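> Any chance you could fold what I've pasted below:
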Amino acid sequence: MAEIERKFVVDHVPADAPVQSTQRIRQGYLSLAPAEIRIRSSDDAAHELTVKSIGGLSRTEVTVPLAPEQFAELWELTQRQIEKIRSRVLLEPWTAEVDVYDGRLAGLVVAEVEFPSEPDALAFTPPPWFGTEVTTDSRYRNVELAAADSPPR
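Predicted structure coming up:
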């Protein structure tokens, strides 16, 4: 399956942004190359393993569910970890996933929007509160952020 998304650094999320849901995410990386292999827990309730190819606008992504026990066992094997709060914000007809990072990445806010096709992604006009686009800036890939001591500058 292909993941087609654009990513932006956000200076601030407007108070009136139409937030649909919010969840706490913990994710850790089991492998970094030639593909990213990560595990993720959402609100400590849903657990999954994801394999992603290296890429920019479009890349392969495969996700499978994990039992809580499997997640806990694999978490001990992760090389890098991140924690963040994710809010889903409605941007008709799209939805932005706005991630507010914790810990050593505190202060970093990133918005990602997924699309069904590359033409849709390229036609997307971000709202004014989206900042600099970092879709192809590898410093903003979650696997790189998980190894960073602080947010990229």
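
> could you give the mean pLDDT of stretch 112-122?
The predicted model assigns stretch 112-122 a mean pLDDT of 95.

> before we move on, what about stretch 25-33?
92.

> How about that stretch, which residues are buried there?
25-30, 32 (16 or more other C-beta atoms under 10 Å). The C-beta positions use only the backbone N, C-alpha and C, and glycine is treated the same way.

> Turn those residues into CSV, columns for secondary structure and distance to residue 147.
Below are the buried residues of stretch 25-33 laid out as CSV (DSSP: H, G, I helix; E, B strand; the rest coil; distance: C-beta to C-beta, whole Å):
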residue, secondary structure, distance to residue 147
25, strand, 17
26, strand, 16
27, strand, 13
28, strand, 12
29, strand, 9
30, strand, 14
32, coil, 8
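
> now the residue of the chain most remote from its centre, what's its secondary structure?
Largest separation from the mean C-alpha position in the chain: residue 69, at 23.5 Å (C-alpha atoms, centre = their mean). Classification of residue 69 by DSSP: H, G, I helix; E, B strand; the rest coil places it in helix.

> In contact with it, which residues?
Taking C-beta atoms under 8 Å, 6 or more residues apart in numbering, we find residue 69 in contact with no residue.

> Pairing partners for the strand or helix carrying residue 89, with directions?
Per DSSP states H and E: residue 89 is located in strand 80-91. Using DSSP bridges, strand 80-91 pairs in its sheet with strand 19-31 (antiparallel), strand 94-101 (antiparallel).

> List the residues that contact the residue at minimal distance from the centre of the chain.
Centroid-nearest residue in the chain: residue 142, 6.2 Å away (criterion: C-alpha atoms, centre = their mean). Residue 142 makes contacts with 27, 38, 82, as judged by C-beta under 8 Å, 6+ apart.

> these two touch, right, the second one and residue 50?
Yes. Judged on C-beta atoms under 8 Å, residue 38 makes contact with residue 50 at a distance of 5.3 Å.

> out of these two, which sits in the busier spot?
Between residue 38 and residue 50, counted using other C-beta atoms under 10 Å, the more crowded position is residue 38 (24 against 16).

> ok, back up a step: backbone phi and psi for the residue nearest to the centre of the chain, please?
Backbone geometry at residue 142, expressed as degrees, to the nearest 10, gives phi -60, psi -40.
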